[in-house]
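**Q** Predicted model and sequence below, questions to follow.
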Amino acid sequence: MRQKLFFTGLIVMFALSAIGHFAGFDMTLQFIISAIAIVFVAGFLGKATESVAHYAGQRLGGFLNATFGNAAELIIAIFLVKEGLFDMVKASITGSIIGNLLLVLGLSLFAGGLKYKQQKFNNQLAEHNSTLMIMAVIGLFVPAVFVGAEHFSLAKDHFLSLAVACILIVSYLLWLVFSMITHKDVLSDTEMNADHGEEPAWSKGTSIILLIVATVMVAFTSEWLVHTLDTFTERFGLSQLFVGAFVIAIVGNAAEHSAAIMLAMKNKIGAAVEIAIGSSLQIALFVAPVLILVSTLFGDTMDIIFTPIELTAIGVSVFIAKSVSRDGNTNWYEGFLLLMVYIILGFAFYLV
């Protein structure tokens, strides 16, 4: 009965969001409808991911959730890049990274910790994730410092951005080979691979098809919601930096929010961490560099130079997330601390 009501709500809200977009409803009303719709769609994506994870394993399931969740954000960002809205793109990248490390991971640890006194996952995986997070910070920090200090020409700026982008992409792809193939057994997690006697919601084939359908729905609802942001921003006096770093990022991360929290509350904290941290790493090491390469194809290269404010937010997020997750043990208070850092950054960004 509950599942029937959920899918009824999913279909109704998705249809209303589509009608509101194409019929030209008031922008604020469109924003509200699309925001509610994306909550349902994100829940659908979370259910499909969990069902796929039952067959593929929790670690691979977490990776798939992060990938499919970021697919919608990548699509939106490509449209923004095509329009030359580079500052908005960088702000949304920043927001996605800090949103996953602080909001998604924080809510997962908090919700899971309230139900289970202590949750554990593979500490070697935690150490590798920490190292990769530092690599991501280096990849974003070094170009900003050198370009700013040496006053590079536009040609040098673009060359350095493209070089760093290619290096980050190669590093991420080799991480997938390392973690999923050559060192798969070392980084495996017994708890992550346990199904706790649960039965999957759908068959393997149906789960894969529904995962694809859910991703497409996320892409559409996200695009419809982003379409309302300019008017919404002006009407409520919000800055583009705040909208890009928090509003767009929260919407883009809606899929990860629901899936990670559900898994954490089922004591599958390893999979939840894989979704939250894995998604941040994917954004920093793959999505952001890919957008730089895509912008070159459009004829106007977007540099990889982030502002001091954005770099500070990313650096602070990586520092606290690394401190919390490095030992492979989590509890509700650590989740609470992550959420408090996110709120601090939210107030700071709002006042910019």
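**A** That came through fine. Residues are numbered from 1 along each chain as shown.

**Q** pLDDT weak spots in the stretch 251-352 of the chain?
**A** The model of the stretch 251-352 of the chain has pLDDT under 70 over residues 251-256.

**Q** For it, just list every one of the strands.
**A** Assigned by DSSP state E, counting those that start in this stretch, the stretch 251-352 of the chain shows strands spanning 329-330.

**Q** And the chain, by the same measure?
**A** In the chain, the segments counted as strands under DSSP state E are 119-120, 329-330.

**Q** Can you get me a residue count around the nearest residue in space to residue 336 that is not next to it in sequence?
**A** Leaving aside its sequence neighbours, residue 336 sits nearest to residue 110 (Cβ to Cβ, 6 or more residues apart in numbering; 5.7 Å). In this view, the C-beta of every residue, glycine as well, is placed from N, C-alpha and C. Per other Cβ atoms under 10 Å, the neighbour tally for residue 110 reads 21.

**Q** do residue 166 as well
**A** Residue 166: 13 neighbours (other Cβ under 10 Å).

**Q** so it makes contact with residue 286?
**A** No - contact criterion Cβ atoms under 8 Å: residue 166 and residue 286 do not qualify, at 11.5 Å.

**Q** quick one: the helices in the stretch 201-350 of the chain?
**A** With DSSP state H, counting those that start in this stretch as the criterion, the stretch 201-350 of the chain has helices at 204-227, 229-236, 240-242, 249-252, 254-265, 269-282, 288-297, 308-325, 332-351.

**Q** Quick one: closest of those to residue 43.
**A** Evaluated over the helices of the stretch 201-350 of the chain, closeness to residue 43 peaks at helix 254-265, with 5.0 Å, by Cβ to Cβ.

**Q** Which strands and helices lie in contact with the closest one?
**A** helix 27-56, helix 58-82, helix 105-115, helix 204-227, helix 269-282 (3 or more Cβ pairs under 8 Å, 6 or more residues apart in numbering; DSSP states H and E).

**Q** which stretch in the ones you listed is the model least sure about?
**A** Ranked by mean pLDDT, those end with helix 58-82 at the bottom, a mean of 73.

**Q** can you give me how far that helix is from the chain middle?
**A** 7 Å (Cα atoms, centre = their mean, to the nearest Å).

**Q** That one versus helix 27-56: what angle between them?
**A** Orientation of helix 58-82 against helix 27-56 (axes from the mean of the first three to the mean of the last three Cα atoms, to 10 degrees) gives an angle of 150 degrees.

**Q** Show me what helix 58-82 packs onto, helices and strands only.
**A** Helices and strands touching helix 58-82, by 3+ Cβ pairs under 8 Å, 6+ apart, are helix 27-56, helix 86-98, helix 190-193, helix 204-227, helix 249-252, helix 254-265, helix 269-282, helix 288-297.

**Q** What count of nearby residues applies to residue 101?
**A** Residue 101, neighbours per other Cβ under 10 Å, totals 30.

**Q** Apologies, that question was intended for residue 302.
**A** 25.

**Q** give the contact list for it.
**A** For residue 302, the contact set (Cβ atoms under 8 Å, 6 or more residues apart in numbering) comprises 81, 86, 89, 90, 161, 291, 292, 295.

**Q** dump the residue contacts of the closest residue to it other than its chain neighbours.
**A** In space, and not counting its chain neighbours, residue 302 is closest to residue 295: 3.9 Å by Cβ to Cβ, 6+ apart. Neighbour list for residue 295: 81, 86, 301, 302 [criterion: Cβ under 8 Å, 6+ apart].

**Q** Let me know the closest of those residues to residue 155.
**A** For the contacts of residue 295, the nearest to residue 155 is residue 301 (9.9 Å; Cβ to Cβ).

**Q** Now that closest one: closest residue in space that isn't a chain neighbour?
**A** residue 158 (4.5 Å).

**Q** residues in contact with that neighbour?
**A** Listed by Cβ under 8 Å, 6+ apart, the contact partners of residue 158 are 296, 301, 303.

**Q** if I look at it, how far off is residue 20?
**A** The gap separating residue 158 from residue 20 is 40 Å, by Cβ to Cβ, to the nearest Å.

**Q** What of residue 41?
**A** Counting by Cβ to Cβ - residue 41 and residue 20 are separated by 15 Å.

**Q** Likewise for residue 176?
**A** 39 Å.

**Q** And for residue 290?
**A** 31 Å.

**Q** These two: who's more crowded?
**A** The neighbour comparison of residue 290 against residue 20 (other Cβ under 10 Å) goes to residue 20, with 21 against 17.

**Q** so who does the closest residue to the more buried one other than its chain neighbours touch?
**A** Distances taken as Cβ to Cβ, 6+ apart place residue 30 nearest to residue 20, at 4.6 Å, with adjacent residues excluded. Neighbouring residues of residue 30 by Cβ under 8 Å, 6+ apart: 17, 20, 21, 224, 225, 227, 228.

**Q** For the nearest residue to the first one once chain neighbours are set aside, list the residues it contacts.
**A** Take residue 17 and drop its neighbours on the chain: the residue closest to it by Cβ to Cβ, 6+ apart is residue 37, 4.0 Å away. When the contact criterion is Cβ under 8 Å, 6+ apart, the partners of residue 37 are 13, 14, 16, 17, 221.
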